[in-house]
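K.L.:
Structure for this input, please:
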Amino acid sequence: MALAAAMARIEGGDFSMGTGGGFPYEGPAHTVTVASFEMDVTEVTVAGFAAFVKASGYRTEAEKFGWSGVFDLKTGEWRRVDGANWRHPDGPKSNAGAHEPVTQVSWNDAAAYAKWARKRLPPVADCEYAARGGLSAKIFPWGDELRPGGKFLANWWQGTFPAKNTGQDGHLRRAPAGRFPPNGYGLHGMAGNVWEWCADWFDAGYYSRSPPVSPQGPPAGAERVMRGGSWLCSESHCRGYRVAARGHSTPDSGLNNVGFRCVR
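P.N.:
Numbers count the residues shown, from 1 in each chain. Okay, the predicted model is just below:
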């Protein structure tokens, strides 16, 4: 039986999705209508994923492969690390904190968890609508300033990427789920910390032809969409913590900056 993870009810409505001021595949901006839904208040945590594994006996793809991708803070590079998995996201000598977002989970792993929890992975439109928190045409979930009043409202990379992360926000890697204030819908971590898998296949040109009501993404593809940015996003690199930003990766990918949350 699934843990009773806190969820927020989000009333549906119209919003302007996408942007003309980001990467080409983040536009064009277009009006979308979404139905009401519930969303996990935080990313799925290591503790929550552990309950799923204990109940189901599930093995992640990283565990089956015997390795996964890890961003190494010392070298500033991505590398293949044997023994990296959701329990040991930064390598076999690391241990994941129970309250941090679970990472080293592929899209397929996240979908398996969602099915067990009687939920689903969120469509991209629902993700962006939720991330905006009721604000219109803003860059971040809290407004247009990255650090309003000098405050850090998300976990992202400060310093020079990839040479040095100064950790001014208090975290060199993943922060505990719920560490930063919620947006207008009561959702924590909709920007930064870890990228979050979405239900949709990725198609760079999809926004130019997507339906205006509850778009579900293209019918097929090679990669799945991720939203929200991570602790590896900086002002000079990716800026994935913008509400209109989207990333993408193959469904079997596991990385130490990618997690997920669910909707129903």
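K.L.:
Backbone torsions only: list them for Asn131.
P.N.:
Check again: residue 131 is Ala, not Asn. Here is the backbone geometry of Ala131 (degrees, to the nearest 10): phi -60, psi -30.
K.L.:
Can you report how many residues neighbour it?
P.N.:
Residues near Ala131, counting by other CB atoms under 10 Å, number 26. (Glycine included, C-beta is placed from N, CA and C.)
K.L.:
What of Arg87?
P.N.:
Look at Arg87: counted by other CB under 10 Å, it has 19 neighbours.
K.L.:
doesn't Gly97 make contact with it?
P.N.:
No - look at Arg87 against Gly97 with CB atoms under 8 Å: they stay out of range, at 11.0 Å.
K.L.:
quick one, what contacts Gly69?
P.N.:
Gly69 makes contact with Trp78, Arg79, Arg80, Val81, Ala84, Ser253, Gly254, Leu255, Asn256 under the criterion CB atoms under 8 Å, 6 or more residues apart in numbering.
K.L.:
Assign a three-state SS to the third one, would you?
P.N.:
With DSSP: H, G, I helix; E, B strand; the rest coil as the basis, the three-state label of Arg80 is strand.
K.L.:
OK, contacts around the residue nearest to it when sequence neighbours are not counted?
P.N.:
Residue nearest to Arg80 in three dimensions, not counting chain neighbours: Trp67, with 5.4 Å by CB to CB, 6 or more residues apart in numbering. In this structure, Trp67 makes contact with Arg80, Val81, Asp82, Gly83, Ala84, judged by CB under 8 Å, 6+ apart.
K.L.:
Can you give me the buried ones in stretch 77-95?
P.N.:
Val81, Gly83, Ala84, Asn85, Trp86, Arg87, His88, Pro89, Asp90, Gly91 (16 or more other CB atoms under 10 Å).
K.L.:
Run through the residues that contact Phe65.
P.N.:
Residues touching Phe65, when contacts are defined by CB under 8 Å, 6+ apart, are absent altogether.
K.L.:
Now do it against Trp86, distance only.
P.N.:
Distance of Phe65 to Trp86, given as CB to CB, to the nearest Å: 13 Å.
K.L.:
thought Gly189 was touching Asp40?
P.N.:
No - under the criterion of CB under 8 Å, Gly189 makes no contact with Asp40, lying 9.8 Å away.
K.L.:
Which elements pack onto the helix or strand harbouring Glu128?
P.N.:
Here Glu128 is covered by helix 124-132, with elements defined by DSSP states H and E. Using 3 or more CB pairs under 8 Å, 6 or more residues apart in numbering; DSSP states H and E as the contact criterion, the secondary-structure elements in contact with helix 124-132 are strand 7-10, strand 13-17, strand 30-34, strand 37-40, strand 195-201, strand 224-227.
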